[in-house]
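J.: structure for this input, please:
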Amino acid sequence: MTDELKLIAAAKAGSADAFADLVRGYRERLLRFLLTRSPSYADAEDVLQDTLINAFRYLHSYDSRWRFSTWLYRIAIRNAAKLRSPDLADVAIVGDLRDEENDPLQQCIVDSESDNLWLSAREVLNDEVYAAMWLRYAEDMSVKDIAKALDRSTSWAKVNLMRGRRVLETHMNDAADKSEAYG
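T.: Below you'll find the predicted structure:
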């Protein structure tokens, strides 16, 4: 039995300390992921908190046939979807600083990341494909786990990962061509 499974068993038995140890390694990764799906840093933190509360509350429903991270990300995706409203669907999420508008450090970080691949991906991919790409390449999840987290088939995950890569490749090639034309 792995350490993670031991922590899960202890947390299921009611140990808040075991649960805290269990999710400690996921907090930062989940927050990074949620920042791409939330209109502000504060909203991402709220969704993270809701995710951890729901995970603790429903830990008894966790099925050990799946990776714990898959189950946790599925909760986070559902919580983030509740937060999003139709008028936020087209916002460049990571670059939105409505809450920290006057924070120069935050502005420098956003400015320095303007050419970041994930920001480009956020602009050209729909939410589900972006989530699949993030789970695969930022979180190193298997296709099977991505399908489970997104409540899709394995075939859907494979096809949309391939399509996402093609869209990004085309987008990056177009950007490089434009850069050369102006350079």
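J.: let me see the contact set for the residue most central in space within the chain.
T.: Central residue of the chain (Cα atoms, centre = their mean): residue 33, 2.7 Å from the mean position. Each residue near residue 33 by Cβ atoms under 8 Å, 6 or more residues apart in numbering is listed here: 73, 76, 134, 135, 138, 139. From N, CA and C alone the C-beta is placed, and that goes for glycine too.
J.: just residue 136 next, same as before
T.: Shown in contact with residue 136 (Cβ under 8 Å, 6+ apart): 143, 146, 161.
J.: looking at the chain, which helix or strand does the model trust least?
T.: Lowest on mean pLDDT, DSSP states H and E among the helices and strands of the chain sits helix 104-112, with a mean of 50.
J.: pull out the buried positions in the helix or strand where the residue nearest to the centre of the chain lies.
T.: Counting by DSSP states H and E, the element that carries residue 33 is helix 16-35. If you call a residue buried by 16 or more other Cβ atoms under 10 Å, then helix 16-35 has these buried ones: 18, 19, 21, 22, 23, 26, 30, 31, 33, 34, 35.
J.: state the distance from residue 13 to residue 60.
T.: 10 Å (Cβ to Cβ, to the nearest Å).
J.: ok, now residue 124?
T.: 40 Å.
J.: helix, strand, or coil at residue 139?
T.: coil (DSSP: H, G, I helix; E, B strand; the rest coil).
J.: what's near enough to touch residue 139?
T.: Per Cβ under 8 Å, 6+ apart, neighbours of residue 139: 29, 33, 69, 73.
J.: on that earlier part again, now the buried residues of helix 16-35 as TSV including distance to residue 166 and pLDDT?
T.: Output for these, formatted as TSV (distance: Cβ to Cβ, whole Å; pLDDT from 0 to 100):
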residue	distance to residue 166	pLDDT
18	43	94
19	41	94
21	41	94
22	37	93
23	35	93
26	30	92
30	28	92
31	29	92
33	23	90
34	26	91
35	25	88
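J.: what about the helices in the protein?
T.: Using DSSP state H, the helices of the chain run over 3-12, 16-35, 41-57, 68-83, 104-112, 117-124, 127-137, 143-150, 154-182.
J.: which stretch in the ones you listed is the model least sure about?
T.: Sorting those by mean pLDDT places helix 104-112 lowest, at a mean of 50.
J.: residue 134 - how many residues pack around it?
T.: 22 (other Cβ atoms under 10 Å).
J.: that one touches residue 35, doesn't it?
T.: No. Using Cβ atoms under 8 Å, residue 134 is not in contact with residue 35; the gap is 10.6 Å.
J.: coming back round to it: relative to residue 47, how far out is the residue nearest to the centre of the chain?
T.: As judged by Cβ to Cβ, residue 33 and residue 47 stand 10 Å apart.
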